[in-house]
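>>> got a predicted model here, sequence first, then my questions.
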Amino acid sequence: MTDQSQAHVFTPTPPQPPPANMVGVVGWLRANLFNGWFNSLLTVFSLYLLYLTLPPLVSWAFINATFSGTDRTMCEASPHGACWTFIKMRFNQILFGFYPEGEQWRPIVTFLIGLGGLIGTAFRFAGKRWLVLFMLTGFPIIAFFLLAGGYFGLTEVETAKWGGLTVTLVVSVTGIVASFPIGIMLALGRRSQMPIVRSACVVFIEVVRGVPLISVLFMASVMLPLFLPEGMTFNKLLRALVGVTLFTAAYMAEVVRGGLQAVPKGQYEGAAALGLGYWKMMILIILPQALKLVIPSIVNSFISLFKDTTLVYIVGLFDVLEIIRVSTKDANWIGFEKEGYVFAALMFWVFCFAMSRVSLRIEKRLDTSHRK
């Protein structure tokens, strides 16, 4: 009996390695690019488009391009390649506009401080809340004193001399920092139980979101001085900052409102059961959860704002794109618009890609889900 039972003991088969065409590079290609006839057709078509466009682009941008020289003479000797000499000769102006050359270290220091704070916020967010507070409050003050000057022995530089990437970053960073708290207050006001506050917030949000940014900039440039006391004037940059901030705040309010609505009702009830007042409940319980849920939408609004800063040329500001456009009208550099716009597109892509990576990093650090 014992011998029969031992004869029928099941011996499990050891696990076998997966097929060679399911792992490694081949497996990745099958799973992502050739996992069906339609995706395979799209992959082949995309490869064909790359074959048609990539070699000429590489040839124009690198192989036949001109990097040396100080005028267009060298570029005319290689008419089939890009003239990066134009970018080299105008690079200082593209970055700083008409900022005095001896004071250009100030925008550089401001940029490095902001970049360091952004990196520290992304990689040390959990234990560096003071850094976030500094980026929202202290950094704008430091940036103002560094760029404008007139204090602490720094030479005063009028905003009319600001330009290029400096203006683009000033407008976008100021719009981001200032619109965020205003957007939160508008979102809370729209959900308020007080009819006057709720109605005022709804009217502001819907009116601003119903017009293009260019109209808001025109209104800020032309109409804003009419509402100021006699003798008080704002320069063009400050007017543009007000318009961009109010425009972005209206969109930010709707993003935050979506996050507030996504927070479970039990969180509100739990906070009320603890005896927390309205503002303590919002600051300690509701807003942290709501903002975490809408981080992608918030960053998307910031990226849109960064790209929309190119519209400030309408009110007479020389942002990075306007500096390039004006530079191509110079008789010495007529005909090299492509190089300027390609370089501008690359700059915008770098900044927008960096913002998206930072948002992903923050999302990962704040993720409290238990999904695997």
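In hand now; what should we look at? Owing to the predicted nature of the structure, the values given are computational and were not obtained by experimental measurement.
>>> contacting residues around residue 166?
95, 96, 97, 99, 107, 147 (CB atoms under 8 Å, 6 or more residues apart in numbering). (C-beta placed from N, C-alpha, C; glycine too.)
>>> not counting sequence-adjacent ones, nearest residue to the fifth one?
It refers to residue 107. residue 166 (4.8 Å; CB to CB, 6 or more residues apart in numbering).
>>> with the third one instead?
If you skip the residues right next to it in sequence, residue 97 has residue 163 as its closest partner in space, 1.7 Å away by CB to CB, 6+ apart.
>>> just say helix, strand or coil for the residue nearest to residue 327 when sequence neighbours are not counted.
In this structure, residue 327 finds its nearest non-sequential neighbour in residue 90, 4.9 Å apart by CB to CB, 6+ apart. State at residue 90, reduced to three classes by DSSP: H, G, I helix; E, B strand; the rest coil: helix.
>>> from residue 299, how far out is residue 261?
From residue 261 across to residue 299, the span is 19 Å (CB to CB, to the nearest Å).
>>> would you mind telling me which of the two has the busier surroundings?
Using other CB atoms under 10 Å as the criterion, residue 261 and residue 299 rank with residue 299 on top: 21 against 11.
>>> could you report the neighbour count for the residue nearest to residue 97?
23.
>>> over to residue 86?
Residue 86: 27 neighbours (other CB under 10 Å).
>>> quick one on the thing from earlier: and the gap between the residue nearest to residue 107 and residue 32?
42 Å.
>>> now the residue nearest the centre of the chain: closest residue in space that isn't a chain neighbour?
Geometric centre of the chain, nearest residue: residue 303, 3.1 Å, by CA atoms, centre = their mean. Among residues not flanking residue 303 along the chain, residue 352 sits closest, at 4.9 Å (CB to CB, 6+ apart).
>>> doesn't residue 306 make contact with the one you found?
Yes: between residue 352 and residue 306 there is a contact under CB atoms under 8 Å: 6.4 Å.
>>> all helices of the stretch 151-300 of the chain, in order?
Applying DSSP state H, counting those that start in this stretch to the stretch 151-300 of the chain gives helices spanning 165-190, 195-209, 213-222, 236-262, 265-273, 278-281, 287-293, 295-308.
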